[in-house]
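>>> take a look and give me a structure for this.
(one chain, ligands or ions: 2)
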Amino acid sequence: MKLGVIGLGTVGEGVLKILTLEKDRLEAMFGEKINVTKVCDLEERNFPFGKFNFTNNYKEILADEEINTVVELIGGVGIAFEIAKEILGSGRNLVCANKHLIATHGKELFALAEKNNVKFFFEAAVAGGIPVVTPLKEGLFPNRFERIRGILNGTCNYMLSKMEEGMSYDEALADAQEKGYAEADPTFDVAGIDTGHKISVLAYLAWGELKEFSSIPITGIDKLTKEDIEKAKAEGKRYKLLGEAFKEEGKLTVRVSPQLIESSELLYDVGGVYNAVEIDGSYTGKTIFFGEGAGMDATASAVVSDIYKVLASRSWN
Ligand SMILES: NC(=O)C1=CN([C@@H]2O[C@H](COP(=O)(O)OP(=O)(O)OC[C@H]3O[C@@H](n4cnc5c(N)ncnc54)[C@H](OP(=O)(O)O)[C@@H]3O)[C@@H](O)[C@H]2O)C=CC1
Ligand SMILES: N[C@@H](CC=O)C(=O)O
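Ligands and ions are numbered 1, 2, ... in the order given. Sure, this is the predicted structure:
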């Protein structure tokens, strides 16, 4: 496999790190080499674990016909959308962690991937390191889904935990940014938009319907005050930012809001950067996924798992 990686920030660096450090073990497992042919960012970056063939122009990766699989880790829906269309349209596989892109342009991109018989995988787009996209599509598919609910944003959950410990909102956000959890524009995190993207992607996977994003009611944690959090604590409760999706009488509802969680609930103990996703299936009952929802290593693990899924499916021209 000849791979191009575009975007060498938090997640991109993590992906190159895992591919380098685990190279021998992964190649032995899959019987094939992953050749990181070219990497791209706006500025060249040096990594302690290895050297890579660098370009600061993503078009060089798109134009390189040797590259059969591209990992897009820029984020957003500008250049990332152009890359996605070009890669899938030219019969190459795409791996990304870009929930914004899927929640906005998913339908077009899935159709393009199908038309060109290539793979488009995005395990890391929802809940960072937790495998939940693949289990929802593969392990749980016999179910009719009733409800999905989850803590889906590591930044907000981390901030809420730190604020409960006494940190200010601004300090908690700066801390989350420093740890690489937040989006390039952290408004996406604190205003609940990122959670909206993720629950929308999960709802699409469960019910096949991608909601018009602007129709989703979203409230973030940015309106919660120190007093709200202290009052909840005094009452033995915690605020958690939840994404919810359910279908009632044929109508899909997707929404995001901070909710007060009682100490008897499992989500009460999901603290820091951890996420949790509850999926109610008609045959399984409630299945719960829990793990690190953001950060370099956990997220890169999910991206690398997708690269190997492409490799295992041998889907490239
Ligand atoms: N961080 C996390 O924990 C998680 C992130 N994700 C998703 O992963 C993706 C990447 O996130 P993350 O690594 O955190 O983001 P970063 O902002 O850390 O990295 C993005 C990188 O892309 C670079 N970039 C911007 N424009 C271009 C361009 N035109 N060509 C090449 N490189 C460019 C940026 O450079 P510059 O900084 O100079 O603009 C930056 O180095 C996003 O879709 C995000 O939502 C998903 C799960 C978890
Ligand atoms: N900013 C996001 C990153 C992972 O998706 C988050 O904090 O959850």
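
>>> residue in the protein nearest to ligand 1?
Gly9 (1.8 Å; Cβ to the nearest ligand atom). Where you see a C-beta, it was placed from the backbone N, CA and C, and this is true even at glycine.

>>> wait, isn't that residue in contact with Asp41?
Yes - contact criterion Cβ atoms under 8 Å: Gly9 and Asp41 qualify, at 7.4 Å.

>>> ok, these two, which is more surrounded?
Using other Cβ atoms under 10 Å as the criterion, Gly9 and Asp41 rank with Asp41 on top: 19 against 16.

>>> need the contact list for the more buried one.
By Cβ atoms under 8 Å, 6 or more residues apart in numbering, Asp41 lies in contact with Ile6, Gly7, Leu8, Gly9, Gly12, Phe54, Asn56.

>>> can you list these in CSV and add pLDDT?
Listed next are those as CSV, based on pLDDT from 0 to 100:
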residue, pLDDT
Ile6, 98
Gly7, 98
Leu8, 98
Gly9, 98
Gly12, 98
Phe54, 98
Asn56, 98
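
>>> which of these count as buried?
Neighbour counting over the contacts of Asp41 (16 or more other Cβ atoms under 10 Å) leaves Ile6, Gly7, Leu8, Gly9, Gly12 as the buried ones.

>>> what does this structure put close to ligand 1?
6-12, 40-42, 58, 73-75, 79, 97-98, 124, 128, 180-181, 183-184, 294-295, 299 (Cβ under 6 Å from any ligand atom).

>>> before we move on, back to that, quick check, nearest of the contacts of Asp41 to Tyr274?
Gly9 (21.8 Å; Cβ to Cβ).

>>> quick one: buried residues of stretch 110-126?
Those would be Leu112, Ala113, Asn116, Val118, Lys119, Phe120, Phe121, Phe122, Glu123, Ala124, Ala125, Val126, for stretch 110-126 by 16+ other Cβ under 10 Å.

>>> and what of stretch 182-199?
Quick answer for stretch 182-199 (16+ other Cβ under 10 Å): 182-183, 186, 188-199.

>>> among these, which ones lie close to ligand 2?
Answer for the buried residues of stretch 182-199 near ligand 2 (Cβ under 6 Å from any ligand atom): Ala182, Glu183, Asp189, Asp194.

>>> what's the nearest residue to the residue nearest the centre of the chain if we skip its chain neighbours?
The centroid of the chain falls nearest to Ala125 when counting by Cα atoms, centre = their mean (2.0 Å). Spatial nearest neighbour of Ala125, excluding adjacent residues (Cβ to Cβ, 6 or more residues apart in numbering): Lys99 at 4.1 Å.

>>> the one you found - how many residues pack around it?
Count around Lys99 with other Cβ under 10 Å applied: 28.

>>> show the pLDDT at it.
You'll see Lys99 listed with a pLDDT of 98.

>>> and Trp316, by the same measure?
Value listed for Trp316 in the pLDDT field: 49.

>>> again with Phe49
97.

>>> any stretches of the chain with poor pLDDT?
Across the chain, the ranges flagged by pLDDT under 70 are 314-317.
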